[in-house]
Each structure stands twice: as C-alpha cells, then as structure tokens.
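Asker: Quick check, what structure comes out for this input:
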Amino acid sequence: MKFFPTNAKNDPDLGSGSDDQQFAERSSELPPVRLAVGVKAPGRRRGSGPPDSVDCLEAVERLHTAEFAALQKELALLKAQIAQVSQIASNVQVDIGSRLAVLRTRIGALEQASAPSHQD
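Answerer: Numbering: from 1, shown residues only. As a prediction, the model looks like this:
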C-alpha cells in the first residue's frame with residue numbers, strides 16, 4: 001500500500017473546514033441508523049479484545065429491550081387487576097343497592113305495622 005503525503009500548505013482544502021461543512025450538510029439528509037441486536041458488524045470478530053462501544057451499545061439495547069418487555073407484562077397484569085377490582089366494586093354496589101332496597105321495604109312495613117298501635 002502506497003501513501004501519498006499531503007502538505008497542508010499546498011492543499012487549500014486541508015484544514016479549511018469546507019469538507020467538514022459539506023459532510024455536516026449531507027449527514028443531516030441521511031436517515032438515522034439503528035443497530036440490530038445480535039448482529040455483528042462486518043469484519044469484526046467476537047471475543048477479541050476488550051468490549052468496544054458497539055458491544056456496550058448492544059448490551060444496553062438488550063437490557064432495555066428486556067426491561068421494556070417486563071414493564072409491558074407488568075402493565076398488562078395491572079390492567080387486568082384494575083378490571084377485576086372494577087368488576088368487584090360494581091358487584092358490591094349492586095349488592096348494597098339491593099340490600100338497601102330490602103331494608104327500606106322492611107322499615108316501611110315496620111312503620112306501617114307500628115302506626116295503628118299509636119292511634120289507640
């Protein structure tokens with residue numbers, strides 16, 4: 001492989017920032033990139049050397065995915081419990097309403113039964 005040395009004095013674009021500006025403009029037009037979990041980058045071998053940022057990012061993504069799944073499961077369970085408690089509350093309300101109706105009927109009957117005895 002042959003390298004061509006570049007002299008910054010002879011190259012007007014080197015260090016001028018024009019390439020940086022062009023890259024910045026183009027990079028904003030590109031769609032965002034998302035790493036797929038469990039997919040290794042081409043040319044990389046697992047287990048060679050310390051974990052790099054991609055490995056760390058994949059580990060964090062796996063952790064977040066697992067946590068999100070656990071939270072979704074917990075949310076579904078809580079929703080089911082709320083529905084059950086709501087049904088129980090409704091049943092209690094109906095039961096209390098019917099017992100109250102029975103008590104009102106009894107009270108009315110007792111009032112009628114005791115009313116003639118006060119007129120003597």
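Asker: Would you mind naming the helix or strand containing residue 82?
Answerer: helix 53-118 (DSSP states H and E).
Asker: pLDDT on that helix, on average?
Answerer: Averaging pLDDT along helix 53-118 yields 94.
Asker: Summarise which helices and strands it is packed against.
Answerer: Using 3 or more Cβ pairs under 8 Å, 6 or more residues apart in numbering; DSSP states H and E, no helix or strand is in contact with helix 53-118. Glycine gets a C-beta too; all of them are placed from N, C-alpha and C.
Asker: and residue 98, how many residues sit next to it?
Answerer: 10 (other Cβ atoms under 10 Å).
Asker: Please name the residues that touch it.
Answerer: Residue 98 is in contact with no residue at all, counting by Cβ atoms under 8 Å, 6 or more residues apart in numbering.
Asker: Next one: it relative to residue 104, how far apart?
Answerer: Distance of residue 98 to residue 104, computed by Cβ to Cβ, to the nearest Å: 11 Å.
Asker: do residue 80 as well
Answerer: Taking Cβ to Cβ, one finds residue 80 at 36 Å from residue 104.
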